[in-house]
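K.L.:
any chance you can model this:
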Amino acid sequence: MQSLENKIVSRIYGHGRGWVFSKTDFSDLGDHSTIDWSLHRLEKKGTICRAIRGIYYYPQESSLLKETLPVNIQQVASAIARKFNWQIEPSGETALNILGISTQVPSRYVYITNGRSKIYEIQNRELQFKKGMMRETGFKHLESTLLVQGLRALGKENPGSENLQIIRNAINPSKYAAILKETRGVTSWIHKLIQKICR
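P.N.:
This next block holds a predicted model:
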């Protein structure tokens, strides 16, 4: 038991603070019931926190306020998708918020999924999965999905130079080449804007 718990802690530490996970992320280490018990023990110790039933996170602390930061909803969505083997993509408005277009912290995050529709309440925020047609399932990089969904939400006519600059600042330049390559097949006006952002 202790050996398994040490392996779990090592993996958690390896991903760093803020990582969100479920027992599925440790399924290669042992049987599910033992992993469940180990995660329960780690929560009781205060090593990890629970976001919702079956979903945990390695908490981050604000250096300024000296208090634990809320769990990252994007990470929660990814952990749930891994747990249920769903594919997901953020809605246009959620993508824009992740990219920094909105300065307000949203109370509702919406993801399209090939799984089932479901709503989770997480620390006074709503995470909603809507079963529907997914357009960007072929992308390897999350940044590509965010760009395509966000730009589609902004619209073709007037995306705004200020908005494009905000989006550019949100994307790591090291990802530019990969993004340009894997978005070549998207709608032409969206790809032209991506080229402008990743120039």
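
K.L.:
centroid residue for this structure?
P.N.:
Gln74 (2.9 Å; C-alpha atoms, centre = their mean).

K.L.:
does that residue belong to a helix or a strand, and which?
P.N.:
helix 73-84 (DSSP states H and E).

K.L.:
buried sites along that helix?
P.N.:
For helix 73-84, a neighbour-count test (16 or more other C-beta atoms under 10 Å) marks 73-81 as buried. Yep, even glycine has a C-beta here, placed from its N, CA and C like the rest.

K.L.:
quick one, what contacts the residue nearest to the centre of the chain?
P.N.:
Applying C-beta atoms under 8 Å, 6 or more residues apart in numbering, we find Gln74 in contact with 90, 98, 109.

K.L.:
ok, the last one to Asn85 distance?
P.N.:
Distance of Tyr109 to Asn85, given as C-beta to C-beta, to the nearest Å: 20 Å.

K.L.:
out of these two, which sits in the busier spot?
P.N.:
Ranked by neighbour count (other C-beta atoms under 10 Å), Tyr109 and Asn85 place Tyr109 first, with 22 against 9.

K.L.:
now do the SS call for Tyr109.
P.N.:
Following DSSP: H, G, I helix; E, B strand; the rest coil, Tyr109 is assigned to strand.

K.L.:
dig out what it forms beta bridges with.
P.N.:
Beta-bridge pairing of Tyr109 under DSSP bridges involves Leu127.

K.L.:
correct me, but it touches Leu96?
P.N.:
No - the criterion here is C-beta atoms under 8 Å, and Tyr109 misses it with Leu96 at 11.6 Å.

K.L.:
and the protein, what are its domains?
P.N.:
Using automatic domain parsing, the domain parsing of the chain gives 2-57, 73-197.

K.L.:
mean pLDDT lowest where, among those domains?
P.N.:
Mean pLDDT per stretch puts domain 73-197 lowest among the domains of the chain, at a mean of 91.

K.L.:
before we move on, the earlier item: dump the buried residues of helix 73-84 into TSV; add distance to Tyr58 as well.
P.N.:
Formatted as TSV, the buried residues of helix 73-84 follow (distance: C-beta to C-beta, whole Å):
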residue	distance to Tyr58
Ile73	15
Gln74	15
Gln75	10
Val76	13
Ala77	17
Ser78	14
Ala79	12
Ile80	16
Ala81	18
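
K.L.:
ok, so what distance separates the residue nearest to Tyr111 when sequence neighbours are not counted from Met134?
P.N.:
Excluding its sequence neighbours, the residue lying closest to Tyr111 (C-beta to C-beta, 6 or more residues apart in numbering) is Ile88, at 4.5 Å. Distance, Ile88 to Met134, by C-beta to C-beta: 8 Å.

K.L.:
which residues in this protein form strands?
P.N.:
For the chain, the strands defined by DSSP state E cover 20-21, 49-52, 55-57, 88-90, 108-113, 118-122, 125-131.

K.L.:
which of those sits closest to Leu180?
P.N.:
Among these, the nearest to Leu180 by C-beta to C-beta is strand 88-90 (19.1 Å).
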